[in-house]
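Participant: A structural model of the following input is requested.
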Amino acid sequence: MKYKKPTSVREAYTKIKRLEIQGARNIAIYGLDTISILVQRKTWKTKSKMLSDIEKAINLLKSARPTEPGLRNSLNLVLQVAKSGESVDEIRKGVLETIEKTKTSISGSLEKIIEVGVKRIPEGVVFTHCHSSTVTSILKAAWDQGKRFRVINTETRPRFQGRITARELAKHGIPVTHVVDSAARFYMNDADLLLVGGDAVTADGFLINKIGTSQIMLAAREARTMTASAVETFKFDPETLSGNWEPIEMRDPKEVWKNPPKGVKILNPAFDMTPPEFIDFMITDMGIIHPYEARNIILEKWFGGRLDD
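Facilitator: Predicted coordinates for the structure are as follows:
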């Protein structure tokens, strides 16, 4: 899905917050484009003022969706490069080069994950939850390569992101059966594979994905249906390596019920955590892995294979 580039940091923050920009990859690229536009359009007289403005912009964008390590990791990398610059011009050059390299890496990870993922799509029934551009890309590529299957997908309340998946796959010619979230167990026996995306992976192998994922994974386990997550390694969260919990975003209760009766409290978590033992394998840009390998991938990707004292 293509988005118009933002005209300001505040506009970008608002669009990410309101889910006008969806998908971890799209959000990360949109955030990078926002900083790129800021750095190209604005002029600074001093290095300190430039760094201050870049850091404020990055912190604002990261706060729009707390449970998005893909966005956080990408922007932290840009900030690290900015802080190493010796002058305004050097900072600008380094930031812009890093943004383009990071965007290329993110886009390249999709190509790799599709190549790996199509090999695991069965000739049968694939069950999926919410909308993941990674998952739909794998399914469309598998279909184009001649594999024939049908998809069962959930509507995914309260924002109904599952409808995006249903429309996208149906437009591609893939047969889709759309069901309410609470029907997942009812239809799970029909599925050969439960395939979901992923917004984050922790160092101990927990998958953070759209609310409802963990109970659907549990239903699949009880039904003896194979389970998998398609998730790029740039979403693996290095901050969890030191013991930090992945934050779970709590969204506006009005998404669930605009005018609830007096005395009724509405909670609206956007994500939940699926334990690694519920996931048979992960499809990543580094190949097929088990969730328990997440720690090693974080060490290799972000710390050069080791964690210094």
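Participant: in stretch 204-216, what's buried?
Facilitator: Residues of stretch 204-216 classed as buried by neighbour count (16 or more other Cβ atoms under 10 Å): 205-216. For glycine as for every other residue, the C-beta is placed from the backbone atoms N, C-alpha and C.
Participant: contacts made by it with the rest, please.
Facilitator: Stretch 204-216 is contacted by residues 67, 127, 129-130, 154, 156, 161, 181, 184, 188, 194, 196-202, 229, 231, 240, 246, 248, 269-276, 278-279, 282, 290-295 when judged by Cβ atoms under 8 Å, 6 or more residues apart in numbering.
Participant: so how do I select the buried members of those residues in PyMOL?
Facilitator: The PyMOL selection below is limited to those of these classed as buried (16+ other Cβ under 10 Å):
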select buried, resi 67+127+129+130+154+156+161+181+184+188+194+196+197+198+199+200+201+202+229+231+240+246+270+271+272+274+276+278+279+282+291+293+294+295
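Participant: please narrow the contacts of stretch 204-216 to those residing in strands.
Facilitator: Cross-referencing the contacts of stretch 204-216 against strands under DSSP state E gives 127, 154, 194, 196, 200-201, 229, 271-274, 282.
Participant: what is the nearest of these to residue 36?
Facilitator: residue 200 (24.0 Å; Cβ to Cβ).
Participant: from residue 19, how far out is residue 274?
Facilitator: 21 Å (Cβ to Cβ, to the nearest Å).
Participant: swap in residue 151?
Facilitator: Distance from residue 151 to residue 19, by Cβ to Cβ: 23 Å.
Participant: remind me which residues of this structure are low pLDDT?
Facilitator: Scanning the chain for pLDDT under 70 picks out 1-2, 305-309.
Participant: domain map for it?
Facilitator: 9-112, 121-303 (automatic domain parsing).
Participant: distance to residue 3 added to those domains, as CSV?
Facilitator: Below are the domains of the chain laid out as CSV (distance: least, Cβ to Cβ, whole Å):
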stretch, distance to residue 3
domain 9-112, 6
domain 121-303, 12
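Participant: so which strand or helix has the closest residue in space to residue 272 that isn't next to it in sequence?
Facilitator: Closest residue to residue 272 apart from its sequence neighbours, by Cβ to Cβ, 6 or more residues apart in numbering: residue 214 at 4.6 Å. Residue 214 belongs to helix 213-222 when elements are defined using DSSP states H and E.
Participant: repeat that for residue 164.
Facilitator: Counting by DSSP H and E, residue 164 is part of helix 162-171.
Participant: ok, residue 51 next?
Facilitator: Using DSSP H and E, residue 51 falls in helix 47-64.
Participant: so after the helix holding residue 164, what's the next helix or strand?
Facilitator: Using DSSP H and E, the helix or strand that follows helix 162-171 in sequence is strand 176-179.
Participant: ok, and what's touching that following strand?
Facilitator: Applying Cβ under 8 Å, 6+ apart, the set of residues contacting strand 176-179 from outside is 150-155, 162-163, 165-166, 169-170, 186-187.
Participant: got the buried residues for it?
Facilitator: The neighbour-count check on strand 176-179 (16+ other Cβ under 10 Å) flags 176, 178 as buried.
Participant: kindly report the same for stretch 110-126.
Facilitator: Applying 16+ other Cβ under 10 Å to stretch 110-126 flags 110, 112-114, 116-118, 120-121, 125-126 as buried.
Participant: for the residue nearest to residue 161 when sequence neighbours are not counted, give me phi and psi.
Facilitator: Distances taken as Cβ to Cβ, 6+ apart place residue 131 nearest to residue 161, at 4.1 Å, with adjacent residues excluded. Here is the backbone geometry of residue 131 (degrees, to the nearest 10): phi -130, psi 120.
Participant: wait, residue 131 sits on residue 164?
Facilitator: Yes - using Cβ atoms under 8 Å, residue 131 makes contact with residue 164 at a distance of 4.2 Å.
Participant: which of those two has more neighbours?
Facilitator: Looking at residue 131 and residue 164 with other Cβ atoms under 10 Å, you find the greater number of neighbours at residue 131, namely 24 against 20.
Participant: re earlier: export the ones in strands among the contacts of stretch 204-216 to a markdown table and append columns for distance to residue 87.
Facilitator: Output for the ones in strands among the contacts of stretch 204-216, formatted as a markdown table (distance: Cβ to Cβ, whole Å):
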| residue | distance to residue 87 |
| --- | --- |
| 127 | 54 |
| 154 | 52 |
| 194 | 52 |
| 196 | 46 |
| 200 | 36 |
| 201 | 38 |
| 229 | 44 |
| 271 | 41 |
| 272 | 46 |
| 273 | 44 |
| 274 | 47 |
| 282 | 43 |
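Participant: contact partners for the closest residue to residue 241 other than its chain neighbours?
Facilitator: With sequence-adjacent residues excluded and distances taken as Cβ to Cβ, 6+ apart, residue 241 is closest to residue 203, at 4.3 Å. Contacts for residue 203 (Cβ under 8 Å, 6+ apart) come out as 236-238, 240-241, 294-295, 298.
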